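**Student:** return a 3D structure for these sequence lines:
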Amino acid sequence: MNNKEKIAELCHKQWSGWMEYLLSKCFPERGQFDKETGNLVIPAWAVNRWKRQMITPHSKLSEEEKNSDRDEAERFLNLLS
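**Tutor:** Got it, this is the predicted structure:
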């Protein structure tokens, strides 16, 4: 497998992991007669946290948040070495 495909595979794996995490934090929306609509709702705490992280440069993140990004970067480095 060439490097481009290896990186694409890793990107998909990381995206899939993120989606699994995000959806695990959501809850079912309830509509009329308290029936589930099939939609999921992202809780406000998560929206606020992820918006803050989204607009914050890496250098201004907490060390814990930086370490999470570093872990992701390490996966790429390991793949290419």
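**Student:** which other helices and strands contact the longest strand seen in the chain?
**Tutor:** The single longest strand within the chain, with elements called by DSSP state E, is strand 36-41. Packing partners of strand 36-41 (3 or more C-beta pairs under 8 Å, 6 or more residues apart in numbering; DSSP states H and E): strand 27-30. C-beta here means a position set from N, CA and C on the backbone, and glycine is covered the same way.
**Student:** partner strands of the strand it packs on and their direction?
**Tutor:** Sheet partners assigned to strand 27-30 using DSSP bridges are listed as strand 36-41 (antiparallel).
**Student:** wait, what's in contact with residue 61?
**Tutor:** Contacts of residue 61 were listed using C-beta atoms under 8 Å, 6 or more residues apart in numbering, and they are 53, 69.
**Student:** distance of it from residue 53?
**Tutor:** Taking C-beta to C-beta, to the nearest Å as the criterion, residue 61 is separated from residue 53 by 7 Å.
**Student:** circling back: for the longest strand of the chain, the distance to its chain's centre please.
**Tutor:** Distance of strand 36-41 from its chain centroid, counting by C-alpha atoms, centre = their mean, to the nearest Å, is 20 Å.
**Student:** what's the helix or strand for the spatially most central residue of the chain?
**Tutor:** With distances taken as C-alpha atoms, centre = their mean, the chain has residue 18 as the residue nearest its mean C-alpha position (3.2 Å). Here residue 18, judged by DSSP states H and E, is contained in helix 3-25.
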